[in-house]
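Trainee: Structure of the sequence below:
(one chain, ligands or ions: 1)
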Amino acid sequence: MAAPSPLRFLTQSFKQASTVGAVWPSSRGLSRAMVQPIFSSVHRDGPMRVLEIGAGVGPVTEELVVRMLPGDRLDVVELNPEFCLVLRERFAGCQVPPNIHQVSILDFDPGVRYHHIVSGLPLANFPGDMVEKIYASIFKLLEPNGTFVMFEHVLGRELLNTFTTGTARKRIEHILRIEQSMEGLVVDRRTVPLNMPPARVLVRKHPGANGGES
Ligand SMILES: C[S@@+](CC[C@H](N)C(=O)[O-])C[C@H]1O[C@@H](n2cnc3c(N)ncnc32)[C@H](O)[C@@H]1O
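Mentor: This next block holds a predicted model:
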């Protein structure tokens, strides 16, 4: 389960800049902060289903597999074929081997809902309409009492909003509006300075939690 050379990530970040959206894999501190909301409760109702979206070379996947138990299910959705190869090599033979799906989250239809969803998607790179569709897909795949964890680069959206103009500015304003409309779903938010660049972890509940829409 050794981490691959970060150069494998760097190469794809240049080749596929808009979908990879970072130059370095997440730090151990950020990866742990991403999975901590899932495992913070000592109480478990039974086997858990977890979905990771946008795993890259697997820093967050590693923190998941070492904490999951036999009988749990981990599905990983990753668009980039090179990263899928790395993930299959890296996690073969784990106690809870992840099922790696080389597909866009927008086309993923597993026929089940997940107790927890963790996303490393670089949403700030995407068109606003696509971000809306991605959030809709995520909440369709999440159990109504589930948790959705994602990270964003600190100041990323704010800097883009300040320093971009024209279409790029409209795009980022659209994303900020979508995320402001979901502010009521945020149950935790924490900053992880030791990451390149520093990041913020956001934990959201499902819009249908406690009897809302599902
Ligand atoms: C910022 S990287 C995060 C990688 C890793 N989670 C980490 O923390 O180092 C974003 C990842 O999302 C993947 N990705 C981008 N668009 C996607 C999509 N529509 N469906 C699934 N994965 C996608 C990219 O290929 C890339 O691996």
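Trainee: Just give me the longest strand of the chain.
Mentor: What stands out as the longest strand in the chain, according to DSSP state E, is strand 142-153.
Trainee: Got phi/psi on residue 92?
Mentor: Taking degrees, to the nearest 10, you get phi -60, psi 140 for the backbone angles of residue 92.
Trainee: ranges for the strands of this protein?
Mentor: Using DSSP E, strands in the chain cover 49-53, 73-77, 99-101, 114-119, 142-153, 186-192, 199-205.
Trainee: ok now the first one, how far from the chain's centre?
Mentor: The reference is to strand 49-53. 9 Å (C-alpha atoms, centre = their mean, to the nearest Å).
Trainee: how about the CA coordinates for that strand, as PDB?
Mentor: Extracted in PDB, the C-alpha atoms of strand 49-53 (Å, rounded to 0.1, in the frame of the first residue of the first chain):
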ATOM      1  CA  ARG A  49     -21.000   1.700   2.500                       C
ATOM      2  CA  VAL A  50     -18.500   4.500   1.600                       C
ATOM      3  CA  LEU A  51     -18.000   6.200  -1.800                       C
ATOM      4  CA  GLU A  52     -14.900   8.200  -2.600                       C
ATOM      5  CA  ILE A  53     -15.000  10.400  -5.600                       C
END
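Trainee: Report the angle between that strand and strand 142-153.
Mentor: 30 degrees (axes from the mean of the first three to the mean of the last three C-alpha atoms, to 10 degrees).
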